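A.B. asks: Sharing a model that was predicted from the sequence below.
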2 protein chains.
Amino acid sequence: MRIGELSERTGTPRRLLRYYEEQGLILPDRCANGYRAYDERLVDRVLQIRGLLDAGLPTRIIKQILPCLDKPRRIHFSDATPEMITTLKDERDRMTRRIDCLTRNRDAIAEYLDAVLDNHTTS
Amino acid sequence: MRIGELSERTGTPRRLLRYYEEQGLILPDRCANGYRAYDERLVDRVLQIRGLLDAGLPTRIIKQILPCLDKPRRIHFSDATPEMITTLKDERDRMTRRIDCLTRNRDAIAEYLDAVLDNHTTS
DNA sequence: TGCGTCCCTCACATGGATGTGAAGGCGAGG
DNA sequence: CCTCGCCTTCACATCCATGTGAGGGACGCA
């Protein structure tokens, strides 16, 4: 598919699809006329990228962890340099901390909402 | 305590403590000489702010949800305008999506790490 | 008194993700 | 053939969190 369709199906501005490519996150083919040609699977990948960006990860890190997440759980041991392992462990722990923080605060918001809404209906 | 101590205890540059104040996230007292005076409780609050910022929330949103998270779970119904309720629900759901995305990807990283490390020790 | 360390405000700079628009090529339909 | 919509690249602009430094006041200690 071309950039317009991918943009619509992922709700992502074309500008950003080109930006993600520039950052090495996606690597579309090119048609003879120079148009970018995106594989069907890139829909999910773009959504994944957007989710991670929204969760605070920079493209630099996303680029590093994406290859480890490929669907056919085929381990690329060539990528598994010691520094890479360290990076992955660090990111895993950072993500865990983020999850904990978000969960705590989301639950507090939910609790507040429950209290407020409950009060509203019973008063 | 003064800004230096808070900075050390939270690992936060002074510059950012002033920035958070400018954004209305914290409201320190002032000593006679103009120095900022931070309450003990602000240590936790600053850490909470940093966690939320790191998780991708903008200060604008953090400012809105912070008051609902105060320790003495005393509901401020005055804040509970309809738009506020809507905002909170939206943020709660956004946070849930973030948590899901982070959890999925963190688990995938952990799985990859397990596989790689296991392979390393057994080969 | 002077020096060192903390604090203040103000302001400009940077980096990353994103917006916006110009200038132009390709291809389908009237 | 012309026009319209989609594509290309390039480049400058914006927002936000953060860095950095100048210029100066407050306080404590030798």
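C.D. replies: Received it, and whenever you're ready, just let me know what you need.
A.B. asks: so residue A:45 makes contact with residue A:66?
C.D. replies: Yes: if you go by Cβ atoms under 8 Å, residue A:45 and residue A:66 touch, sitting 7.5 Å apart. All C-beta spots, glycine's among them, are computed from the backbone N, C-alpha and C.
A.B. asks: does any bit of the lengthiest helix in chain A sit next to DNA strand D?
C.D. replies: Ranked by residue count, the top helix of chain A under DSSP state H comes out as helix A:82-122. No: judged by Cβ under 7 Å from any atom of the strand, helix A:82-122 makes no contact with DNA strand D; its nearest approach is 13.3 Å.
A.B. asks: helices or strands next to that helix in the packing?
C.D. replies: For helix A:82-122, the helices and strands in contact under the criterion 3 or more Cβ pairs under 8 Å, 6 or more residues apart in numbering or on different chains; DSSP states H and E are helix A:59-65, helix B:42-54, helix B:82-122.
A.B. asks: Tell me what angle the lowest-mean-pLDDT helix or strand in chain A forms with helix A:42-54.
C.D. replies: The weakest-scoring helix or strand in chain A, judged by mean pLDDT, DSSP states H and E, is helix A:82-122 (a mean of 91). Interaxial angle, helix A:82-122 versus helix A:42-54 (axes from the mean of the first three to the mean of the last three Cα atoms, to 10 degrees): 80 degrees.
A.B. asks: The residue in chain A that DNA strand D sits nearest to is in what secondary structure piece?
C.D. replies: Among the residues of chain A, residue A:4 lies closest to DNA strand D, at 2.7 Å counting by Cβ to the nearest atom of the strand. Using DSSP states H and E, residue A:4 sits in helix A:3-10.
A.B. asks: mind listing what's buried in that helix?
C.D. replies: A:3, A:6, A:7, A:10 (16 or more other Cβ atoms under 10 Å in any protein chain shown).
A.B. asks: The helix or strand following that helix near DNA strand D at all?
C.D. replies: Per DSSP H and E, the first helix or strand lying C-terminal to helix A:3-10 is helix A:14-22. Yes: interface with DNA strand D: helix A:14-22 contributes A:14, A:15, A:18 (Cβ under 7 Å from any atom of the strand).
A.B. asks: burial count for the first one?
C.D. replies: Put plainly, it is residue A:14. Residues lying near residue A:14 (other Cβ atoms under 10 Å in any protein chain shown) number 14.
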